[in-house]
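Asker: got a predicted structure here, sequence first:
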Amino acid sequence: MRLWTLSRAAVAFLLTFCPHVKAIPSECDPEIQWLKEEENCYSVIHQDNLTHTDSTGCSVLWDHLNCWPHAQLGETVSQPCPTFLRVKGDVMRNCTEAGWSEPFPPYELACGYTLNNTLHFPADIMLMSHEYFMWVRIMYSVGYSISLISLIFALTLLYMFRKLHCTRNFIHMQLFLSFILRAAFIFIRDAVLHNSQDYYHCDSHPPGCKVALLLSNYCILANYSWLLVEGHYLHSLIHLSLYSQRKRLHWYISLGWGTPVLIIIVWSVAKYLQENEGCWETRGNSWIWWILRVPVFLVIIVNLVFFMRIIRTLVRKMRAPDMIGNEFKQHRKLAKSTLLLVSLFGVQYALFTFFPDEVSILTFQIWNAIELAMASTQGFIVALLYCFLNGEVQHEIKRRWRRWQPKKRFHGDPRMHNGSLSHSGLPLTQISLLARANNMS
């Protein structure tokens, strides 16, 4: 109970002193508008009870959608559709001897909205909803921040060390860059869509917010595309023969950065023609949303196939006669390779690919939190496994560190006079070993 009170106080503090984290202005939030109108109507009811104690007719009524004023017997009162629905229409009631009649036409017809399943939000449920999205946003913001910092540092290391410049590391660098752009534009998108100032007001949205969402979606698609490139490249090293890596690299660049452009253009045209609402964050027409989802599904499925084939190759090679003897060491290598490939291929996204749309609120909240946590930290995991723990990178860092040491240290240690290793003598990574073992077999 005390923890719940502290969490409510913390969220209230953040909402008060960090206004930029609010989803939309309070005067534009339908739930807040609904609560305010309810509060105002109960104030009118209190005043009506004081002034019309002995009068006949119908008292002021709050029907959870509109506030109906005091009326005389036989009088017909017309009220517009609730303001928080942002639709035009009128609803009427008759004041009869039995009290107020049922609204005609019904709200569902007059306002074009199904009301029974919406807008009956108790205050506690609303607060829990706001708190949940607040904590989720804080969680994935921290994850993307850690990923962004680590990826920038990793990209700088791979760019600085010229001996590490090869096709494999070039693809890694493009993947790092796609993760960086994805994290950066998610922060930009949130800053625009969740701006609580007067940059846009309710239904008035400037083109800038649409551009921010468009670029954010492009970076997400580009990130998935480079995950596919990583999967295809490693699969080709093991199962195919790459005759011209330079020529293949041009195709990879086109796939990684060019294909998402075509998809985003099609999605943007569909949005503009069929659903040009708000900042394009709505999903009224599901088929438009599938323009983005289908390519992502294909990437996940294809990479999953690559992953299974590579793991099968790993298992087959570890069962070879010359590998029999140390089962623990073999299983450790297999576990390490699997961990590397899962993060590199984005295989964990397969867990969320076919998640149903209609689930309970609790199930959605748990599943959504797990997915966002994994997505926001994947960049950090990739940078850690393929840069900071990479044997080639560690060797270059040690070599540069020895070079930067004072000269007297070099004269004092004869081992420093042997010179650096050649590029072919660099420590091999797990992927390099796998590719080399395949070539030798």
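Answerer: Structure received.

Asker: residue ranges with poor pLDDT in the stretch 51-200 of the chain?
Answerer: In the predicted model, the stretch 51-200 of the chain carries pLDDT under 70 at residues 53-54, 112-130, 194-200.

Asker: which residues in it form strands?
Answerer: 61-62, 67-68, 76-80, 90-96, 99-100 (DSSP state E, counting those that start in this stretch).

Asker: winner for burial among those strands?
Answerer: strand 67-68 (a mean of 20; mean count of other C-beta atoms under 10 Å). (Glycine included, C-beta is placed from N, CA and C.)

Asker: that one packs against which elements?
Answerer: Packing partners of strand 67-68 (3 or more C-beta pairs under 8 Å, 6 or more residues apart in numbering; DSSP states H and E): helix 30-51, strand 61-62, strand 76-80.

Asker: which residues sit against the second one?
Answerer: In this structure, residues lying in contact with strand 61-62 by C-beta atoms under 8 Å, 6 or more residues apart in numbering are 38, 41-42, 45, 67-68, 100.

Asker: dump these into CSV; add distance to residue 263 as well.
Answerer: Formatted as CSV, these follow (distance: C-beta to C-beta, whole Å):
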residue, distance to residue 263
38, 45
41, 48
42, 51
45, 55
67, 48
68, 51
100, 54
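
Asker: what is the nearest of those residues to residue 147?
Answerer: residue 38 (43.1 Å; C-beta to C-beta).

Asker: residues near that closest one, how many?
Answerer: Residue neighbour count, defined by other C-beta atoms under 10 Å, stands at 14 for residue 38.

Asker: what's the answer for residue 222, then?
Answerer: Considering only other C-beta under 10 Å, residue 222 is surrounded by 26 other residues.

Asker: my guess is it meets residue 254, correct?
Answerer: No: contact between residue 222 and residue 254 fails when scored by C-beta atoms under 8 Å: they sit 11.9 Å apart.

Asker: hmm, back to that, out of the contacts of strand 61-62, who's nearest residue 271?
Answerer: Of those, the one sitting nearest to residue 271 (C-beta to C-beta) turns out to be residue 38, at 35.1 Å.

Asker: from residue 65, how far out is the closest one?
Answerer: For residue 38, the distance to residue 65 (C-beta to C-beta, to the nearest Å) stands at 9 Å.

Asker: same thing with residue 308?
Answerer: 54 Å.

Asker: more neighbours: which of those two?
Answerer: Between residue 308 and residue 65, residue 65 has the larger neighbour count (other C-beta under 10 Å), namely 22 against 11.

Asker: apart from its chain neighbours, what residue comes closest to the more buried one?
Answerer: residue 82 (5.0 Å; C-beta to C-beta, 6 or more residues apart in numbering).

Asker: wait, a helix at residue 397?
Answerer: Yes: Residue 397 sits within a helix when classified using DSSP: H, G, I helix; E, B strand; the rest coil.
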